[in-house]
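In: generate a structure from the sequence data that follows.
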Amino acid sequence: MDNDFTQEREDLAAAFRWSVRLNMHEAVANHFSLAVNESGSKFLLNPIGMHFSEISASDLILIDANNKDTMNQHNAPDPTAWAIHSALHRNNPHARCILHLHPKYATILSSLDDKEMKPIDQNTMRFYKRVSIDRDFSGMGLGKEAERLSTLLGKNPVLLMGNHGVLTAAKTVASAFDELYYFEKSCQTLIEAYQTGQKLHVVNHKVAKKTAQQWQDYDASDLHFAALKRILDKEEPDYRN
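Out: Reported below is the predicted structural model:
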């Protein structure tokens, strides 16, 4: 813990700014985190009360999931952010970056009785058998609810939080954001397909599984995120401050 995590801070700040551009933010709620030590117990998190559009690298606070006095500090984070992300990082050390939002279409899917992502096009097939689903919402992510949520992710990159929203988890900000971007697009496709009232053409298991693997082999997440940062460098360079 002997550096200021400049790269990590800039990447996470870029994710906040682009979530706004894609209209996936929710006032001053929702939260992103990024682990900065090997165990994942120490992580960067957005401070309470800041809109995603104004978050810069230096605004991010450093949290210790094992510090029981965190919420008594002068710069204490949002209570749900503290509860959910500390539990997730403690119980899922492989999930280095965790992005939690309530985007429109993912939240709609999370609110349906059938929450499954159906493999109906190339994007939706990306998430075939790669989404964990919480079907037992029991209140806001505090206390036991946060601990319960933290046990559901497993090795999947997406947790669809029933009657709540979604979170993505990955080794890097670039990968977690790429998953988030394509998951919301996939949710939009599925929801709008439902709205036609026509029968969905769901591909078979073999095709869906093959396509999901092709997505993993392709993996353009670093290229995608680098392009997003180039745009920010031109239009909102203060995200690096």
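
In: now the strands: where do they sit in the chain?
Out: Using DSSP state E, the strands of the chain run over residues 31-35, 42-45, 61-64, 97-101, 131-134, 158-161, 165-170.

In: can you redo the ones you listed as CSV with distance to residue 85, mean neighbour count and mean pLDDT?
Out: Glycine gets a C-beta too; all of them are placed from N, C-alpha and C. Formatted as CSV, the strands of the chain follow (distance: least, Cβ to Cβ, whole Å; neighbours: other Cβ atoms under 10 Å; pLDDT from 0 to 100):
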stretch, distance to residue 85, mean neighbour count, mean pLDDT
strand 31-35, 4, 26, 97
strand 42-45, 6, 23, 96
strand 61-64, 7, 18, 93
strand 97-101, 6, 25, 98
strand 131-134, 16, 19, 98
strand 158-161, 13, 25, 97
strand 165-170, 9, 26, 97
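
In: and of these, who's closest to residue 200?
Out: Minimum separation from residue 200 across the strands of the chain (Cβ to Cβ) falls at strand 131-134, 16.9 Å.

In: does anything pack onto the closest one? Which helices or strands?
Out: On a contact count with 3 or more Cβ pairs under 8 Å, 6 or more residues apart in numbering; DSSP states H and E, strand 131-134 meets strand 158-161.

In: tell me which strands the strand it packs on pairs with, and in which orientation.
Out: Applying DSSP bridges to the sheet, strand 158-161 is found paired with strand 131-134 (parallel), strand 165-170 (antiparallel).

In: lowest-pLDDT helix or strand in this structure?
Out: Least confident helix or strand, the chain: helix 144-150 with a mean of 89, by mean pLDDT, DSSP states H and E.

In: okay, that helix in CSV with CA atoms only?
Out: Provided in CSV are the C-alpha atoms of helix 144-150 (Å, rounded to 0.1, in the frame of the first residue of the first chain):
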residue,chain,number,x,y,z
LYS,A,144,-27.4,-9.7,6.5
GLU,A,145,-28.8,-8.8,3.1
ALA,A,146,-25.4,-7.6,1.9
GLU,A,147,-23.7,-10.8,3.2
ARG,A,148,-26.3,-12.9,1.5
LEU,A,149,-25.8,-11.1,-1.8
SER,A,150,-22.0,-11.6,-1.5
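
In: which other residues reach that helix?
Out: Contact with helix 144-150 is made by 80, 83-84, 86-88, 90-92, 134, 136, 138-139, 141, 159, 161, as judged by Cβ atoms under 8 Å, 6 or more residues apart in numbering.

In: which residues touch residue 27?
Out: With Cβ under 8 Å, 6+ apart, residue 27 has these contacts: residue 51.

In: could you do the one 4 residues further on as well?
Out: With contacts defined as Cβ under 8 Å, 6+ apart, residue 31 is in contact with 45, 46, 77, 78, 80, 81, 84, 85, 100.
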